[in-house]
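**Q** Fold the stuff below for me.
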Amino acid sequence: MSTNSRCLGLVAAMPQEVAALRARIPALKKERAGRLNLYRGEFAGAAIVLVESGMGPAHAGEATGELIRLASPAAILNYGFGGGVVPGLKVGDLVLAERVMTIGKGGAIEAPSPAPRLTQVVAGAPSPQGMPFKAGTFLTAAAIMNKQDVGALYCAGLGNPVLEMETAAVLGTAARSGVPVVAIRGISDAAEEELGFSIEEFCDADLNLRIPRVLACVVKRPWIIPQLLRLSANTNRAGKLLAEGVERALRVLAEELSRN
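**A** Numbering: from 1, shown residues only. This is a model prediction of the structure:
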């Protein structure tokens, strides 16, 4: 597969993750590609193509394939929110994947590795707000999982484990086309924040967030409202810091592309 040596692809699952980055890079203009929202623009001298995949590995894998088909990027940056699994990571921390595993009922399966050289390049990006990237292991789940269970089952010996739902699928699809991937997560909920509800209660069968489902859940369990408000504030803070981190990563990746 030929790649565009001056194009960087991005994959993000949720509209909130996309909106936070567009606030920093307003040149990204929205298009439609089938069911997907696509955003194109230029940044730091490179073409940027961002696809909003939707939640979960199936959506992420499909969207990554479509991104590669439409843009032939030289590299892909997968980013989004993640949950801390063991004490240590706090809301707003930025974690850079050195290792990724798929987890579920069948145990843990090693995913293709993020690109070591490009990951090292991003790790050295400037951190103007004193927020350097932390190296970590991403644990990609196909469904919502209890963080305490994940910590007990999978996290022995892992540094900065982060629970999320897309990165392994992005890596798998990209690897089949020979496209290197870098992955960043912003911590939106620390290990101590165990949800009093299931995200799946808020979503349809395809893991798309549905407001009527959220409202129905709140009506049945109004005591979750304080947690929802706290999580909303944390997600807003994490989103701003994540967008800044992604902007920093894009800048150094664009500089790296220009040398090759």
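
**Q** Do you have the strands of the protein handy? List them.
**A** Per DSSP state E, the chain carries strands over the ranges 4-12, 29-33, 36-43, 46-52, 73-84, 94-104, 107-110, 134-141, 161-164, 181-189.

**Q** tell me what the fourth one is packed against?
**A** It stands for strand 46-52. Packing partners of strand 46-52 (3 or more Cβ pairs under 8 Å, 6 or more residues apart in numbering; DSSP states H and E): strand 4-12, helix 15-24, strand 36-43, helix 57-71, helix 225-259. (Glycine included, C-beta is placed from N, CA and C.)

**Q** do you know which of these lies nearest C155?
**A** For C155, the closest of the helices and strands packed on strand 46-52 is helix 57-71, at 19.6 Å, according to Cβ to Cβ.

**Q** Could you name the helices and strands sitting against that closest one?
**A** So helix 57-71, by 3+ Cβ pairs under 8 Å, 6+ apart, packs with strand 4-12, strand 36-43, strand 46-52, strand 73-84, helix 167-176.

**Q** and K147, which of these is closest to it?
**A** So among the helices and strands packed on helix 57-71, strand 73-84 is nearest, using Cβ to Cβ, at 5.9 Å.

**Q** ok so, going back, make JSON lines out of the strands of the chain and add mean pLDDT.
**A** Below are these laid out as JSON lines (pLDDT from 0 to 100):
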{"stretch": "strand 4-12", "mean pLDDT": "88"}
{"stretch": "strand 29-33", "mean pLDDT": "93"}
{"stretch": "strand 36-43", "mean pLDDT": "95"}
{"stretch": "strand 46-52", "mean pLDDT": "96"}
{"stretch": "strand 73-84", "mean pLDDT": "95"}
{"stretch": "strand 94-104", "mean pLDDT": "94"}
{"stretch": "strand 107-110", "mean pLDDT": "88"}
{"stretch": "strand 134-141", "mean pLDDT": "94"}
{"stretch": "strand 161-164", "mean pLDDT": "93"}
{"stretch": "strand 181-189", "mean pLDDT": "95"}
